[in-house]
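**Q** Mind folding the following:
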Amino acid sequence: MHGCILLMVFLITEFQSSSAMKLDPCSAYISLNEPWRNTEHHVNDSNGKPMCDEHVNGEWYRFTGMAGDAMPTFCISENQCGTQAPIWLNGSHPTESEGIVSRQVCATFNGNCCIWNTSVDVKACSGGYYVYRLPKLGVCYHAYCGHFYDICDVLDCRENCLDTGECQCTAGTTLGPDGQTCLDVNECEWNNGGCSEICVNLKSSHRCECGIRRVLAEDGRTCIDIEGCQSKNGGCSHICTMTEAGYQCECPRGLILSEDNHTCQVPVQCKSQSIEVAVPKDLAGGLDLYLSNSSCKGVSNGTHVNINFNLRSCGTVVEVVKDKIIATNTVTGIPKQMPGSNGDIIIRTSKLLIPITCEFPRQYTVSEGYVPNTKSSPLEMLGKNHGIFPFALEIFKNKDFDETYRETPPVLKLRDSVYFGVEPLIHVDGLESLVENCFATPSSKIDEIIKYYLIKDGCISDENVKQYTTKDQLAKHYQVPVFKFVGKDKKEVFLHCRVVVCSALDERSRCAQGCRRRMRRSLESENATHMENRLLTGGPILIDFEE
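**A** Residues are numbered from 1 along each chain as shown. Below is the predicted model of the structure:
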């Protein structure tokens, strides 16, 4: 009898869990009904700061009420939707039969319809409306837009024709799933709108644009090369100078030329413990500069406004994109309410938006003896000179993993245990790591012929290796009995561990896959490229071997 009761409880629990997991977003969503979200709402500087979607956090949402019927699928001008950089859907809405689809959303600023973008999930519901899974925004001032679409006209049937009651939409629009709303047609989805390079969808129409150093020809579709500074300033964002070989772009004092050799940008220093931004006073004069978290404010030194923050502070968003860890934030300038102490009594611009990006590699190798050197240095990884990400391979004194060997390398006996782990020197939410390979060598050389694998392809290779749980998803802790390599002269052991960093929310990442016995040769080759010049070698530990 008791066994039957337990079985019923298990089945009921299983059924409830399964039902919760399959909840239809068309019936489980959060309404966005704020009037300021509508495309007709213009930011008025006299009404205070622009709006920012700080509370949107990856849930399913539906636009209702005065916010509009759905997201606009055409470029929205800046300072609309109650914010500086309005976000619109860069693609058509799906049909009900398509289910959940992924679409790009873009933010408009400084005349660029897609200065920033990310992906959202969209679903058409049987009630004639749409729901959207909107990710959390790491920048301000950005907000998701809503739009009131036109209601179609019913055919006015006269004389002997048959009145079918079908709706007719105007050119550039198509009938929505509710049979009444006329949705915008995204002409850019078919043959790129006839554009040779960039197609930008507009309300009921579209336009063609060109990349750097290119302009539209007379047909409005084809792009041609710019000839010198006379044509649109040579494509330079600031100063264009003619030279014997042609022309070159230059920047005002305090700005640097970006990798495209045409755009001037604010210098950013990406370090392991901090990100440093220095905005020239001429650019920021009369403006107070803030990061996404408005409590983080710039400080002027007379020539620049300096803003320092790190991966964990000031609203910094950290994401994993392909082979990189990307940290983003945004510097926003708001007109000062009172004259500043530095003589700022006028302003030359009413807005300033500076996207800040730091990139770090996500695959790397750390090497260490059983114990680190007396002064254990963190591994500094260079990512195209964009930044360094701090990790170290540490050896601990016991299974509490709270004290490392710092003063002198210990001498361990074969009956002892080694407690080691990969440790991040700063904690970053939303990331996790996987120790993909970990092997021992009798010397500090990573290409040593003699290797003994403790972990291979994410799998424990030595059954004596024990893994401990950690509070930090980036940290990994292990215990293994002390061993030495065969030979009287081999009394040193070095560890080398290859680690992969992934997004904790990505269910298909390498970290989520865990143990994977067979790896593609191409992946091994790719990982090998990350090993070059990214090693930390220390130790060694002396093995007290009693013969």
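**Q** In three-state terms, label L283 for me.
**A** Under the three-state scheme (DSSP: H, G, I helix; E, B strand; the rest coil), L283 adopts helix.
**Q** Wait, it touches C264, no?
**A** No. The pair L283 / C264 is not scored as a contact, 9.8 Å apart, by Cβ atoms under 8 Å. Any C-beta I mention is one placed from the backbone N, CA and C, and that applies to glycine too.
**Q** what do those two both touch?
**A** Common contacts of L283 and C264 (Cβ atoms under 8 Å, 6 or more residues apart in numbering): L255.
**Q** can you give me phi and psi for V321?
**A** Backbone dihedrals for V321, given as degrees, to the nearest 10, come out at phi -120, psi 110.
**Q** Repeat that for P35.
**A** phi -60, psi -30.
**Q** quick one: contacts for it?
**A** Neighbours of P35 in contact, by Cβ under 8 Å, 6+ apart: H41, G65, M66, A67.
**Q** per-residue confidence for the closest residue in space to the third one that isn't next to it in sequence?
**A** The one in question is M66. Leaving out its chain neighbours, the residue that sits closest to M66 by Cβ to Cβ, 6 or more residues apart in numbering is P35, at 3.9 Å. Listed pLDDT for P35 reads 90.
**Q** State the three-state secondary structure for N306.
**A** strand.
**Q** per-residue confidence for it?
**A** At N306, the pLDDT recorded in the model is 89.
**Q** Report the beta-bridge partners for it.
**A** Judged by DSSP bridges, the bridge partners of N306 are A278, V299.
**Q** Would you confirm that it contacts E276?
**A** Yes. With contact defined as Cβ under 8 Å, N306 reaches E276; the gap is 7.1 Å.
**Q** Are there residues contacting both of these two? Which ones?
**A** In contact with both N306 and E276: no residue, using Cβ under 8 Å, 6+ apart.
**Q** So what pairs up with the nearest residue to C210 once chain neighbours are set aside in the strands?
**A** Distances taken as Cβ to Cβ, 6+ apart place C223 nearest to C210, at 3.8 Å, with adjacent residues excluded. Counting by DSSP bridges, C223 is bridged to L216.
**Q** you'd agree C223 is up against R214?
**A** Yes. Between C223 and R214 a contact is recorded at 4.3 Å, counting by Cβ under 8 Å.
**Q** Mind listing the shared neighbours of these two?
**A** Counting by Cβ under 8 Å, 6+ apart, the residues touching both C223 and R214 are E197.
**Q** Give me the nearest residue to D69, chain neighbours excluded.
**A** In space, D69 is closest to Y149, 5.3 Å off (Cβ to Cβ, 6+ apart).
**Q** I should have written C511 there, sorry.
**A** Closest to C511 by Cβ to Cβ, 6+ apart is C502, at 3.7 Å.
**Q** Doesn't that neighbour lie inside a strand?
**A** Yes. Assigned with three-state DSSP, C502 falls within a strand.
**Q** Could you check the pLDDT of it?
**A** C502 is given a pLDDT of 85.
**Q** Check the one 4 residues further on too.
**A** With respect to pLDDT, D506 has a value of 81.
**Q** doesn't A512 make contact with it?
**A** Yes. Checked against Cβ under 8 Å, the pair D506 and A512 is within contact range at 6.5 Å.
**Q** Look at the residue nearest the centre of the chain and give its secondary structure.
**A** Centroid check for the chain by Cα atoms, centre = their mean gives E319 as the closest residue, at 3.4 Å. In three-state terms, and counting by three-state DSSP, E319 is strand.
**Q** residue contacts, it?
**A** I325, I326, T328, G430, S503.
**Q** Look at the second one and give its secondary structure.
**A** Secondary structure for I326, judged by three-state DSSP, is strand.
**Q** Quickly note the distance from the nearest residue to V317 once chain neighbours are set aside to G315.
**A** Leaving aside its chain neighbours, V317 sits nearest to G138 (2.6 Å; criterion: Cβ to Cβ, 6+ apart). Distance of G138 to G315, computed by Cβ to Cβ, to the nearest Å: 6 Å.
**Q** Please tabulate the contacts of P35 in TSV, including the columns pLDDT, secondary structure and neighbour count.
**A** Below are the contacts of P35 laid out as TSV (pLDDT from 0 to 100; DSSP: H, G, I helix; E, B strand; the rest coil; neighbours: other Cβ atoms under 10 Å):
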residue	pLDDT	secondary structure	neighbour count
H41	85	coil	22
G65	90	helix	14
M66	89	helix	15
A67	91	helix	27
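**Q** Just flag the most distant two among those.
**A** Farthest pair in the contacts of P35 (Cβ to Cβ) is H41 and G65. Separation: 12.9 Å.
**Q** Assess the claim that the residue nearest to D69 and L183 are in contact.
**A** Yes. Y149 is within contact range of L183, at 5.7 Å (criterion: Cβ under 8 Å).
**Q** Find residues that contact each of the two.
**A** Counting by Cβ under 8 Å, 6+ apart, the residues touching both Y149 and L183 are A70, T173, G176.
**Q** Quick one: the helices in this protein, in order.
**A** 2-21, 281-284, 510-513, 521-529 (DSSP state H).
**Q** Rounded mean pLDDT for the first one, please.
**A** Read that as helix 2-21. pLDDT averaged over helix 2-21 gives 38.
**Q** give the contact list for N117.
**A** N90, Q104, V105, C106, A107.
**Q** what ranges do the strands span in the stretch 301-450 of the chain?
**A** 304-309, 317-321, 324-335, 352-361, 363-369, 391-396, 411-413, 417-424, 431-441 (DSSP state E, counting those that start in this stretch).
**Q** Going by mean pLDDT, which of these comes out lowest?
**A** Mean pLDDT per stretch puts strand 363-369 lowest among the strands of the stretch 301-450 of the chain, at a mean of 64.
**Q** Now tabulate the contacts of N117 in TSV and tack on pLDDT, distance to S444 and neighbour count.
**A** As requested, those are exported to TSV (pLDDT from 0 to 100; distance: Cβ to Cβ, whole Å; neighbours: other Cβ atoms under 10 Å):
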residue	pLDDT	distance to S444	neighbour count
N90	90	51	21
Q104	92	47	13
V105	93	49	23
C106	91	49	22
A107	90	49	28
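**Q** and those residues, which two are the farthest apart?
**A** Taking Cβ to Cβ as the measure, the contacts of N117 span a maximum distance of 11.0 Å, between Q104 and A107.
**Q** Would you mind measuring the gap between the ends of stretch 190-199?
**A** 10 Å (Cα to Cα, to the nearest Å).
**Q** Need the contact partners of that stretch.
**A** By Cβ under 8 Å, 6+ apart, stretch 190-199 touches 187-188, 201, 206-211, 214, 221-223.
**Q** what do you get for stretch 509-518?
**A** Contacts of stretch 509-518 (Cβ under 8 Å, 6+ apart): 320, 432-434, 436, 457-460, 500-504, 506.
**Q** was I right about T118 contacting V105?
**A** Yes. Using Cβ under 8 Å, T118 is in contact with V105, at 6.0 Å.
**Q** any weak-confidence spans in the stretch 401-547 of the chain?
**A** The model of the stretch 401-547 of the chain has pLDDT under 70 over residues 407-410, 488, 518-547.
**Q** shouldn't N110 be in contact with L353?
**A** Yes. Counting by Cβ under 8 Å, N110 does reach L353; the two are 7.2 Å apart.
**Q** who's more crowded, these two?
**A** L353 (20 against 11; other Cβ atoms under 10 Å).
**Q** R517: neighbouring residues, count only.
**A** 8.
**Q** Cool, thanks, talk later.
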